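Novice: My questions are about this predicted structure, shown below with the sequence.
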Amino acid sequence: MELWQQMLRDSVHSVDQLVEKFHIDRATAEQIDQFFQARINPYYMSLIKYPGDPIWKQCVPDRVELEDFDAFEDPLNEDAMSPVPNITHRYPDRVLFLVTSQCGMYCRFCTRKRKVGNSDKISMKGLESAFNYIESHAEIRDVILSGGDPLMLTDYMLEKILIRLRQIPHVEIIRIGTKMPCVLPQRITPKLCSMIKKYHPIYINTHFNHPWEITSESSRACQMLADAGCPVGCQTVLMKGVNDDPDTIKELMQKLLKMRVKPYYLYMADETKGANHFRTSIRTGIEIMDKLRGHTSGLAIPYFVIDAPGGGGKIPILPEYVLHHDDEKIILRNYKNQVYVYKEAVDKNNPKEKPAEKKPVKEKISISVPANARNGNGRNGNGKNGKHPEEIRKISAEEITEMTIIEN
Ligand code: SF4
């Protein structure tokens, strides 16, 4: 037995253990076990610093999970978009392929609780019909292995799946969605990496939510995957009491980059049965993004997305940078709230690109300017040294033309 398998075996998972370790009353522990069982392996448990901390919240069951039974079991409508067992086909050229119901830890915020935990929730018998579906749909060029966690499979089983997928000529890219580098990094072994590198291009989407999850072990695991030639990206879920402040997210994103993991998505937590206590306001997410862009490397900035309920797909949400846009110009603000005008490119020889008649601009735009800033001085702006107190003024888009900092 490999070390990671031994650690799984040593996980906290039973009602007795929940009562003993976390002082959850027995009746609640039994209800939670029925609803969505626990699995906390010794590695992830060792990251907890105090009860209720951001690591604890992600893995230790809480009775509030039992209080929002009205929410969705399948918030992203994955089951309705499943043409055959184990496959979700939502986007034109890619499919989600569920290959196991098991995970190295059962995250309390999981949106796939209906599929995760008991081994019968995802049938291994469904694999054959899934392969047949992928084979018969030439438009599928990207297969995302998920579950559960595909790295819960043995190397042997995983390799069988990769071999089979690589026999399908139109499958160009294989992605593996795995939380193992974060929750059980001991799973990333030299043997696993040597096997994976035979089936490139393989991309890894991992999942870290808090800077405390970045340890020497998880860092080593991610770097081993990168050394094996896998581009490694990270999906993070924004969660109340876990990571819903700009400093935590910034530290996390910067630390991910240091271990060669590219921040990919920052998700709003989905409306999910038993997990609504993790949801933050959308405004919180937008404010966090506003404090990332410009304040740290662009490489460290994920897409902030809402996975549209009912299966509408990921929709990116941006802080408001466009203050005004007409046929002649766009008025933007930068990360310091300075306002810039950028003129539209117009090809006069192309009638389609000739500017339309200038329309009167009626709307007023709120911008933050120094109290003593003057119009027409080429700055909106920071005054001489940016020390002027700021005020919010409402001005029209036409006025802003005279206050341009940079004109192209
Ligand atoms: S690893 Fe993923 S699928 Fe498994 S419990 Fe956590 S969020 Fe759910």
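Specialist: Arrived safely, thanks for sending. Only a predicted model underlies this, so the values are computations on that prediction, with no experimental measurement involved.
Novice: where does the stretch 251-400 of the chain have low pLDDT?
Specialist: Within the stretch 251-400 of the chain, the stretches with pLDDT under 70 are 351-400.
Novice: Tell me the residues on it that lie near the ligand, please.
Specialist: Nowhere does the stretch 251-400 of the chain come near the ligand, counting by Cβ under 6 Å from any ligand atom. C-beta: built from backbone N, CA, C; applies to glycine.
Novice: Could you break the protein into its assigned domains?
Specialist: Domain segmentation of the chain under automatic domain parsing yields 87-316, 322-402.
Novice: Tabulate those domains (TSV), appending mean neighbour count.
Specialist: Below are these laid out as TSV (neighbours: other Cβ atoms under 10 Å):
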stretch	mean neighbour count
domain 87-316	19
domain 322-402	14
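Novice: Of these, which is nearest Cys59?
Specialist: Closest approach to Cys59 among the domains of the chain is made by domain 87-316 (5.6 Å; Cβ to Cβ).
Novice: Now do the end-to-end distance for the closest one.
Specialist: 24 Å (Cα to Cα, to the nearest Å).
Novice: Met289 sits in which helix or strand?
Specialist: Assigned by DSSP states H and E, Met289 belongs to helix 282-290.
Novice: Could you identify the helix or strand that succeeds that helix?
Specialist: Following helix 282-290 in sequence, per DSSP H and E, is strand 303-308.
Novice: so what strands line up beside the following helix or strand past that following strand?
Specialist: Next in sequence after strand 303-308, counting helices and strands by DSSP H and E, comes strand 313-316. Strand 313-316 has these partner strands in its sheet, going by DSSP bridges: strand 303-308 (antiparallel).
Novice: Return the distance of the helix or strand hosting Trp4 from the chain's centre.
Specialist: In this assignment (DSSP H and E), Trp4 forms part of helix 3-9. Distance, stretch centre to chain centre, for helix 3-9: 27 Å (Cα atoms, centre = their mean, to the nearest Å).
Novice: who touches it?
Specialist: 1, 39, 41-43, 104, 180, 184, 186-187, 189 (Cβ atoms under 8 Å, 6 or more residues apart in numbering).
Novice: Could you check which residue of the stretch 301-408 of the chain lies nearest the ligand?
Specialist: Asp307 (13.0 Å; Cβ to the nearest ligand atom).
Novice: List the contacts of that residue.
Specialist: Taking Cβ under 8 Å, 6+ apart as the test, what Asp307 contacts is 75-76, 267-268, 270, 313-315.
Novice: Next one: it from Arg39, what distance?
Specialist: Asp307 is 24 Å from Arg39, where distance means Cβ to Cβ, to the nearest Å.
Novice: Surely Asn132 is in a helix?
Specialist: Yes. Assessed with DSSP: H, G, I helix; E, B strand; the rest coil, Asn132 lies in a helix.
Novice: Which residue is the nearest non-sequential neighbour of it?
Specialist: Nearest-residue entry for Asn132: Val84, 7.5 Å, with adjacent residues in sequence omitted and distances by Cβ to Cβ, 6 or more residues apart in numbering.
Novice: ranges for the strands of this protein?
Specialist: Assigned by DSSP state E, the chain shows strands spanning 87-91, 94-98, 142-146, 173-177, 202-206, 232-238, 262-268, 303-308, 313-316, 322-325, 329-333, 339-343, 364-370, 390-396.
Novice: Report the two of the contacts of helix 3-9 separated the most.
Specialist: Spanning the widest gap among the contacts of helix 3-9 are Arg39 and Thr189, at 20.2 Å by Cβ to Cβ.
Novice: still on that earlier bit, can you put the strands of the chain in TSV and add distance to His13?
Specialist: Compiled in TSV, the strands of the chain are given as follows (distance: least, Cβ to Cβ, whole Å):
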stretch	distance to His13
strand 87-91	27
strand 94-98	21
strand 142-146	22
strand 173-177	22
strand 202-206	23
strand 232-238	22
strand 262-268	26
strand 303-308	28
strand 313-316	32
strand 322-325	50
strand 329-333	50
strand 339-343	56
strand 364-370	52
strand 390-396	54
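Novice: what sits against the residue in the chain sticking out farthest from the centre?
Specialist: The outermost residue of the chain relative to its centre, with distances by Cα atoms, centre = their mean, is Asn349 at 44.6 Å. The contact partners of Asn349, by Cβ under 8 Å, 6+ apart, come to none.
Novice: quick one: contacts for the closest residue to Ile301 other than its chain neighbours?
Specialist: Leaving aside its sequence neighbours, Ile301 sits nearest to Leu292 (Cβ to Cβ, 6+ apart; 5.1 Å). Leu292 makes contact with 246, 249-250, 253, 300-301, according to Cβ under 8 Å, 6+ apart.
Novice: tell me the contacts of Ile288?
Specialist: Applying Cβ under 8 Å, 6+ apart, we find Ile288 in contact with 238, 244-246, 249, 266, 304.
Novice: repeat that with 10 Å
Specialist: By Cβ atoms under 10 Å, 6 or more residues apart in numbering, the residues touching Ile288 are 238, 243-250, 266, 280, 304, 319.
Novice: Could you report the separation of it from Phe208?
Specialist: 16 Å.
Novice: and what of Val237?
Specialist: Val237 is 10 Å from Phe208, by Cβ to Cβ.
Novice: anything in contact with each of those two?
Specialist: Asn243.
Novice: quick one: Leu162 and Ile174 touch, right?
Specialist: Yes. Between Leu162 and Ile174 a contact is recorded at 6.7 Å, counting by Cβ atoms under 10 Å.
Novice: ok, Ile24 touching Pro51?
Specialist: No. Counting by Cβ under 10 Å, Ile24 stays clear of Pro51, with 11.5 Å between them.
Novice: Between those two, which is the more surrounded one?
Specialist: The neighbour count for Ile24 versus Pro51, taken as other Cβ atoms under 10 Å, is higher for Ile24 (22 against 10).
Novice: got the contact list for the nearest residue to that one once chain neighbours are set aside?
Specialist: Using Cβ to Cβ, 6+ apart and skipping the chain neighbours, the partner closest in space to Ile24 is Leu18 (4.9 Å). Shown here is Leu18, whose contacts under the criterion Cβ under 10 Å, 6+ apart are 12, 24-26, 28-30, 32-33, 37-38, 40, 60-61.
Novice: Likewise for Ala308?
Specialist: Contacts for Ala308 were tallied using Cβ under 10 Å, 6+ apart; they are 75-77, 270, 314-315.
Novice: Noted, bye for now.
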